[in-house]
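> what's the 3D shape of this:
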Amino acid sequence: MAPDVFRMKVRAPLICASAHAGQFVIIRTDEHGERIPLTLMDYSEADGAIEMAFQVVGTTTDKLSRLGEGDCLQDVVGPLGRPSELEGLGRVVCAGGGVGIAALYPIARACARAGNEVRVALGSRDREHLILLDRMQALGVPVEIATDDGSVGIKGFVTELVLKAIKEWSPQRVIAVGPVPMMRAVCVLTRQHAVPTVVSLNAIMLDGTGMCGTCRCEVAGETKFSCVDGPEFDGHQVDFEMLTARLGAYKEEERESWKRFEAVASDYTGSCGEAS
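Alright, predicted model coming up:
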């Protein structure tokens, strides 16, 4: 989808049968792999397949990027998390940044289908890294773009598009999905203008059932678990400092893991290799 962003389609008919916008799955690449959450980008009961997007940032995503058609994943568990609440919202700005646009797409689609008035604001570093623009435009709602270098849309950040919408359109809700700094910046802006804002937290996860506590976050001064209480929360109540600290807790271990994997990466074929 972009130089370091990949799309993956997996046959998982049972997940498709009960999936909703805003939910995610937890996958494991192989018997010795870690468990990581990936938001459902799309799902179709017609072909029994789910779609996800991921950016290569470490060992597991590097492994995923090396799989091809017919290869297998060790585990795919889902759908997990609470579905997005989209009924009766009125005017909604759906703001996405980076690979978070993939997670925003089914939310924006479901939001429009629920009868809300929707505007989409997308942010990316440049044209090359702007994903899913065609699918967003196919929703038939206004779509505006901001890129860091100005190669498409305005030169600037997605927050500028959100501010423009607030001034011109008076939205009743903002839904923001993207990197933590982007979601935090959107929440600072919308708090100033008293616009309710929902964010989707990409916390580190392990079991996905609320048992381990790995994905804990602080919302309105209370401990919540992203996997079962979220992943969506009131952005004005999220402790983003704590979230940022927890996301960076294992950076050294992540770098060491990736370094070890690079030594054997050329031979990686996933949990089953090519299927006959």
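> separation between V99 and L130?
Relative to L130, V99 is positioned 11 Å away (CB to CB, to the nearest Å). (Each C-beta comes from the backbone N, C-alpha and C, glycine too.)
> swap in A12?
From A12 to L130 the distance is 27 Å (CB to CB).
> where along the stretch 1-150 of the chain do the helices fall?
Taking DSSP state H, counting those that start in this stretch as the test, the helices found in the stretch 1-150 of the chain are 13-16, 59-65, 100-113, 133-137.
> so which of the ones you listed gets nearest G33?
Among the helices of the stretch 1-150 of the chain, the nearest to G33 by CB to CB is helix 59-65 (6.0 Å).
> So which elements touch that closest one?
If contacts are counted by 3 or more CB pairs under 8 Å, 6 or more residues apart in numbering; DSSP states H and E, helix 59-65 sits against strand 5-11, strand 49-55, helix 251-262.
> Could you save the ones you listed as JSON lines and add columns showing mean pLDDT?
JSON lines is the format used below for those (pLDDT from 0 to 100):
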{"stretch": "strand 5-11", "mean pLDDT": "95"}
{"stretch": "strand 49-55", "mean pLDDT": "96"}
{"stretch": "helix 251-262", "mean pLDDT": "91"}
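> and those, which is most packed in?
strand 49-55 (a mean of 21; mean count of other CB atoms under 10 Å).
> Alpha carbons of it, in CSV - could you do that?
What follows is strand 49-55 as a C-alpha-only set of coordinates in CSV (Å, rounded to 0.1, in the frame of the first residue of the first chain):
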residue,chain,number,x,y,z
ALA,A,49,-12.2,-12.8,4.4
ILE,A,50,-10.9,-10.1,6.6
GLU,A,51,-8.5,-7.4,5.6
MET,A,52,-5.9,-5.7,7.7
ALA,A,53,-3.1,-3.2,7.2
PHE,A,54,0.2,-2.9,9.0
GLN,A,55,3.4,-0.9,9.0
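> just to revisit the earlier point, dump the helices and strands packed on helix 59-65 into TSV; add distance to K63 as well.
Formatted as TSV, these follow (distance: least, CB to CB, whole Å):
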stretch	distance to K63
strand 5-11	11
strand 49-55	10
helix 251-262	7
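> Next one: the closest residue to Y268 other than its chain neighbours, what pLDDT does it get?
Closest residue to Y268 apart from its sequence neighbours, by CB to CB, 6 or more residues apart in numbering: R66 at 5.1 Å. Note for R66: predicted pLDDT of 91.
> For R66, which residues are in contact?
Residues near R66 by CB atoms under 8 Å, 6 or more residues apart in numbering: 265, 268-270.
> Quick check: the gap between T214 and L201.
Taking CB to CB, one finds T214 at 13 Å from L201.
> In terms of packing, which of the two has more residues around it?
L201 (23 against 17; other CB atoms under 10 Å).
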